[in-house]
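In: Just a sequence and a predicted model for now, questions to come.
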Amino acid sequence: MTDIVLAPPHDSTPQFGYCYLLIVRAFRGSKAFYPRQDTKKCLMLVGQATQPIEVDMNGTYEETLKSAGHGTFRVTKDSWSIRYYFPGPDMRYNGTWVTIEGRDIDKYISAYRANWEEYQSLKNQIPPGGSFNKLGLQGMSINVGCGGIYRDGICIDYWHMPINNEKDLNTLLESFEYCKAKAKIIIQWLSKN
């Protein structure tokens, strides 16, 4: 395998979303050298950090999120989404997939904020030792004092990915905002290449 690296001259000024590194991997055949564009890597400036961007052969960018649920952020040149997988309680049950499409991300951000307010209100109303759950916006569940499979907090789907403190809520919403901003840049880059 051979890597061909293309980079701008040292005196060039970095621009937001500009491709700084393109690696084309070429594979050797038995007698001849057959180059094949396998992976494109691009360094982009996102906020203050510079990080590598890898796009597969189908023009899809994927990144594992480090926030709650460890979702997969996926971008194509037409759309983007965040996808979460939650395994079943044991091997007898299938897991559950939850996908948030990019066009719906603002609805989820608003729903998490509204559901958080409802959760805080319910926590103050439910007596100690009591439990209550209800359906919130965007199909999320709001669980207060629940036990068993239901977890206390705002869950994205039944009992999955409970958010029960403000720090976790802010981290999750920041990851949504991060994906929203980064998706615009990557879609723009993919549509040019």
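Out: Perfect, thanks for sending it.
In: remind me, longest helix of this structure?
Out: helix 166-192 (DSSP state H).
In: Which neighbouring elements make contact with that one?
Out: When contacts are defined as 3 or more Cβ pairs under 8 Å, 6 or more residues apart in numbering; DSSP states H and E, helix 166-192 sits against strand 40-46, strand 49-55, strand 72-75, strand 80-86, helix 105-125. To be clear about C-beta, it is placed using only N, CA and C from the backbone, and glycine gets the same treatment.
In: Could you pull out the buried residues of the last one?
Out: Of all the residues in helix 105-125, those buried under the rule 16 or more other Cβ atoms under 10 Å are 105, 108-109, 111-112, 115-116, 118-119, 122.
In: do stretch 77-91 as well
Out: The neighbour-count check on stretch 77-91 (16+ other Cβ under 10 Å) flags 77, 80-84, 86 as buried.
In: what's the answer for stretch 175-183, then?
Out: Neighbour-count burial for stretch 175-183, counted by 16+ other Cβ under 10 Å, picks out 175-176, 178-179, 182-183.
In: what's the answer for stretch 98-106, then?
Out: Within stretch 98-106, the residues that count as buried by 16+ other Cβ under 10 Å are 98, 100, 102, 105.
In: And for stretch 127-144?
Out: Buried positions in stretch 127-144, judged by neighbour count with 16+ other Cβ under 10 Å: 133, 136-138, 140-144.
In: do the same with stretch 161-180
Out: Within stretch 161-180, the residues that count as buried by 16+ other Cβ under 10 Å are 161-164, 168-169, 172-173, 175-176, 178-179.
In: Which of the residues you listed sits closest to Asn58?
Out: Cys179 (19.5 Å; Cβ to Cβ).
In: Let's have the buried residues of helix 105-125 in a markdown table, adding distance to Pro128 and pLDDT.
Out: A markdown table is the format used below for the buried residues of helix 105-125 (distance: Cβ to Cβ, whole Å; pLDDT from 0 to 100):
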| residue | distance to Pro128 | pLDDT |
| --- | --- | --- |
| Ile105 | 36 | 96 |
| Tyr108 | 31 | 96 |
| Ile109 | 32 | 97 |
| Ala111 | 28 | 97 |
| Tyr112 | 26 | 96 |
| Asn115 | 22 | 96 |
| Trp116 | 21 | 96 |
| Glu118 | 19 | 96 |
| Tyr119 | 16 | 94 |
| Leu122 | 13 | 93 |
